[in-house]
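> pasting the sequence and the predicted coordinates here, then a few questions.
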Amino acid sequence: MDYRLPTTVVPSRYDIRLEPDLEAATFAGQETVAITVSEPVSEILLNAAELVIQSVSVQTADGPVVEGSASLDEAAERARLASRSSSLIQSSCAAMPRLLPGVP
């Protein structure tokens, strides 16, 4: 298994908010990742072990927020984040996955 992520999308900053549920040993939260895109891409691949992603949006540095979707590959421990519009992700932007409650 290849553990290296593509180099076309590189994170530069992470803002993470976690809401732990100590009794259930789970958490919910929100993460915003500032990224630099070196060439246009249709999706963002990231490591995602044991996560459930509720929603995804992408915002360019000078543009509107575009809703996206996430698909999980549990065997590879990866998530694919994609824009719901037909446009490519092609500049510096922020990807904002929202994590579901009840995630172990």
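Received, thanks. Residues are numbered from 1 along each chain as shown.
> pLDDT (mean, whole number) over stretch 67-87?
Averaged across stretch 67-87, the pLDDT comes to 83.
> please read the previous query as pertaining to stretch 8-25.
On average, stretch 8-25 scores 88.
> buried residues in it, which are they?
Going by neighbour count (16 or more other C-beta atoms under 10 Å), the buried part of stretch 8-25 is Val9. (Each C-beta comes from the backbone N, C-alpha and C, glycine too.)
> same deal with stretch 50-59?
Here stretch 50-59 shows Leu51, Ile53, Val56, Ser57, Val58 as buried, counting by 16+ other C-beta under 10 Å.
> elements contacting the host helix or strand of Gln54?
In this structure, Gln54 is located in strand 53-60 according to DSSP states H and E. Helices and strands touching strand 53-60, by 3 or more C-beta pairs under 8 Å, 6 or more residues apart in numbering; DSSP states H and E, are strand 65-73, strand 78-83, strand 93-103.
> tell me the strands beside it, with direction?
strand 65-73 (antiparallel), strand 93-103 (antiparallel) (DSSP bridges).
> alright, that wraps it up for me.
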